[in-house]
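Novice: I need the structure of the sequence given here:
(2 chains)
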Amino acid sequence: MLSRTAENLFWLSRYVERAENMARLLEMGYRMALMPAAGDGNRSEWRSVLSAAGCAEGFDSDNTELSQATVSDYLIFNRDNPSSILNCFEYARANARAMRTAITQEMWEALNGALMELRKTSMRNLAKTNLPGFIDWVKSQGALFRGATDSTILRNDGFDFIRLGTFLERADNTARLLDVKYYVLLPETSMVGDGVDNYQWTTVLRAASSMRAFHWVYRDDYSPWRIAHFLILNPFSPRSLAHCMENITTHLERLARQYGQRQAVHSLAVDTYSILNHGDMDEIFSHGLHEFLSDCLQRYRALSEAIAETYYFGGQ
Amino acid sequence: MFNEMEMNGQVREPYRALVDWMDATGPETLAQKRLEAETLFRKIGITFAVYGEGGDPERLIPFDLIPRIFTASEWRKLERGVKQRARALNTFLYDVYHNAEIIRAGVVPADLVYKNAAFEPAVIGIDPPRRVYSHIVGVDVVRVGPDEFYVLEDNCRTPSGVSYMLENREIMMRMFPELFSKLRIEPVDSYPDQLLKTLKSIAPRKCEGDPNIVVLTPGAMNSAYYEHSFLADQMGVELVEGQDLFVSEGRVYMRTTRGPERVDVIYRRIDDDFIDPLCFRPDSVLGIPGLMNVYRSGGVAICSAPGAGVADDKAIYTYVPDMIRFYLGQEPILNNVPTWKCARADDLKYVLEHLPELVVKEVHGSGGYGMLVGPASTKEECATYAERIKANPSDFIAQPTLALSACPTFVESGIAPRHVDFRPFCLVGDDIRLTPGGLTRVALREGSLVVNSSQGGGVKDTWIMAE
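Specialist: The predicted structure is shown next:
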């Protein structure tokens, strides 16, 4: 497979996944802001969403007032925000167009359809008047694309690069989603473990579309420990860091088999996987959840770079 | 003016079933179908890019639902005529880069060949596989009467539009399945397979085993990018850009995730000037440095061969009937449009005196740019153009304004005749192959004779009726 094609496939699926995760972050902010205790001009939910999305600096440089309307517009439609949902779909489609031959008609139509729709002004209205409705729409576009991919594309190396992009981005985003909880401040009258705190934690679960799944596993024990465990260490949770890393190693292994060559990137992935595989929630919390997540984010960055190097991305 | 659908108030035979069907369907359903077709095109992403004019750079070529139909016997004649031309043009190309017998025999003037910008000295003496230079010949044909066809021009370097032939058919079959089940229309979907066969058959000398084939595109910004990706996809070969290829030790390789992989046949869709910065334009970033050396030594085959453009020049065009007689010893089956060459004093005089009646073209122009359509021009436009001709007479040719045939077409006011032309695609390799079909282009503005997509033309599906 052409290196350029592999690179495009990898980033294409990252962008689709990122768009969806931006929507999930928005969903979190929206739900947290609905809490009565969060009133009184306390807008820390929206600030924390921006921080977790890695977009706080960009937003601040625009000198816009912080509100649901401005943050969601920035995260959805802003052309200067490289991670805005609109830009994610624009990049994804541009990548797809640059290697039309490597993706199927169904995948193209899913991407192209999403972007065409998103460019319409009616979408801007929907985001303004019915943010949850808009968020659902974005998530369904991601699902459509993954479904089209899953049911139509050849199971060759191209498929592996697509899935690598998806799971690397998802791991990155679940870590960021959890990190929102670190950035968001509890109102002064509240404390760790009280109603507001728990509500915020369950919001993380909801944004990861994991409420019911969690319930199946842990019943009604919505403690921060359990929630964090579900999204970090539980291999059965489809958005958990462990599950994502398991898939990343699987697809890297598949590539190693197809190409008959194991390289440094494979051990790097296995190392990260084993940290999650043998991880312990108590230990993670006692060392600091935020520190742990930051370390993960750094590892994902390194992995992404190693994949690029190993498979000659960027015409190396 | 000849109407493809009607003659002497009667519906012509090949259109009868279609007309019955349209009458039964009614204009409202047709209008509805037209919207559906447009949505389909947009969704699939069949666009061509127009840059620098503002608006959406990815445009749809207007697609007309009413097909253009040829009978089996009309097609047989066209087919023979087109193949004959393709054979003569390739013989000519081999000749001018080798012994130049046609020039020595005084049939074609030396200046027209050697001073031609498309003549490529770097190619002299090269023996491309099977002696073929132009592997895909697109011949533009117009019709002025029931049995009168004229060749408007030949396209010997990567003619485009074949993806429209295939996609138009795809859409038509999706929209009107009942018509296809009722009528016997020759299928066009073998084209990609035949193209692949043709490309395989021109594997270079040094190729061992099954040749590795790629389609080389300038990239997603190119106006025909959709077609490039479509063809690569249909043939199941890699679509590459210049940056994906490199030359090493006399062979061409592509950069893959497993390291370098050898390439044997390149179906290039970028111009000569850009394919090798070491040989042609040094500022080109689209090409592959060193490609021409590999080509010369038989390490890679290039379709179409560099230098093939010298045969589709508008000045050379006037000599194609002579080529057919000279090389094949046959009479041309398809006629040229009578042409005045402004390089000749007599012709120049006539052209300048009759400008308002003529179509004048730049010899090296393409795509309908820079031409003068006399009858549709003002006095001032003619006067300005006359000055250009006088300044460089040999850059221009002129032809009578042909009464191009018209085909019923869906326009704002309903169904009305609009002028059409036709481009079938001829493949030349171990065999000469012609898919029964082609691209019919239609001038959507009333009275207009300009069918180019860059000038607001549209396309139609073309049906060849089976015997």
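Novice: From here on, just use CA atoms for contacts and neighbour counts.
Specialist: Fine.
Novice: Around chain A, which positions in the stretch 251-400 of chain B sit nearby?
Specialist: Contact residues (CA under 8 Å from any CA of the partner chain) of the stretch 251-400 of chain B with chain A: B:254-259.
Novice: mind running it again at 6 Å?
Specialist: Within the stretch 251-400 of chain B, the residues that sit near chain A (CA under 6 Å from any CA of the partner chain) are B:255-257.
Novice: contact partners of the helix or strand where B:K83 lies?
Specialist: Secondary structure from DSSP states H and E places B:K83 in helix B:72-96. For helix B:72-96, the external contacting residues (CA atoms under 6 Å, 6 or more residues apart in numbering or on different chains) are B:324, B:333-334, B:465-467.
Novice: Listing request: residues of chain A with sub-threshold pLDDT.
Specialist: In the predicted model, chain A carries pLDDT under 70 at residues A:36-43, A:185-190, A:315-316.
Novice: Would you reformat the residues of the stretch 251-400 of chain B next to chain A as JSON lines and include pLDDT and neighbour count?
Specialist: JSON lines is the format used below for those (pLDDT from 0 to 100; neighbours: other CA atoms under 10 Å in any protein chain shown):
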{"residue": "B:R255", "pLDDT": "95", "neighbour count": "23"}
{"residue": "B:T256", "pLDDT": "95", "neighbour count": "20"}
{"residue": "B:T257", "pLDDT": "94", "neighbour count": "24"}
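Novice: wait, which of the residues you listed is closest to A:S13?
Specialist: Comparing these against A:S13 with CA to CA places B:T257 closest, at 17.7 Å.
Novice: That closest one against A:Y311, yeah?
Specialist: Yes: if you go by CA atoms under 6 Å, B:T257 and A:Y311 touch, sitting 4.6 Å apart.
Novice: Pull up the residues of chain A that are close to chain B.
Specialist: Near chain B, when you scan chain A using CA under 6 Å from any CA, you find A:1-3, A:98, A:100-101, A:311-312.
Novice: What separation do you get for whichever residue of the stretch 151-300 of chain A sits closest to chain B and A:Y311?
Specialist: Minimum separation of the stretch 151-300 of chain A from chain B (CA to the nearest CA) falls at A:Y259, amounting to 6.7 Å. Distance, A:Y259 to A:Y311, using CA to CA, to the nearest Å: 10 Å.
Novice: quick one, what contacts the residue of chain B found nearest chain A?
Specialist: As assessed by CA to the nearest CA, chain A sits closest to B:T256 within chain B, at 4.0 Å. The neighbours of B:T256, taking CA under 6 Å, 6+ apart as the test, are A:1-3.
Novice: Among these, which ones are in helices?
Specialist: A:S3 (DSSP state H).
Novice: Now for B:E148, how many residues are close by?
Specialist: Look at B:E148: counted by other CA atoms under 10 Å in any protein chain shown, it has 12 neighbours.
Novice: ugh, wrong one, B:G307
Specialist: 24.
Novice: who touches it in this structure?
Specialist: B:118-120.
Novice: before we move on, back to that, how about the residue of the stretch 151-300 of chain A closest to chain B: what's its closest non-neighbour residue?
Specialist: Nearest-residue entry for A:Y259: B:R258, 6.7 Å, with adjacent residues in sequence omitted and distances by CA to CA, 6 or more residues apart in numbering or on different chains.
Novice: Highest neighbour count among the contacts of B:T256?
Specialist: Counting neighbours by other CA under 10 Å, A:L2 leads these with 27 neighbours.
Novice: Skipping adjacent residues, who's closest to that one in space?
Specialist: A:L2 sits nearest to B:T256 (CA to CA, 6+ apart), 4.0 Å away.
Novice: I'd guess the one you found is in a strand, am I close?
Specialist: Yes: counting by DSSP: H, G, I helix; E, B strand; the rest coil, B:T256 is located in a strand.
Novice: Give the bridge partners for it, please.
Specialist: Beta bridges link B:T256 to A:L2, B:G259, judged by DSSP bridges.
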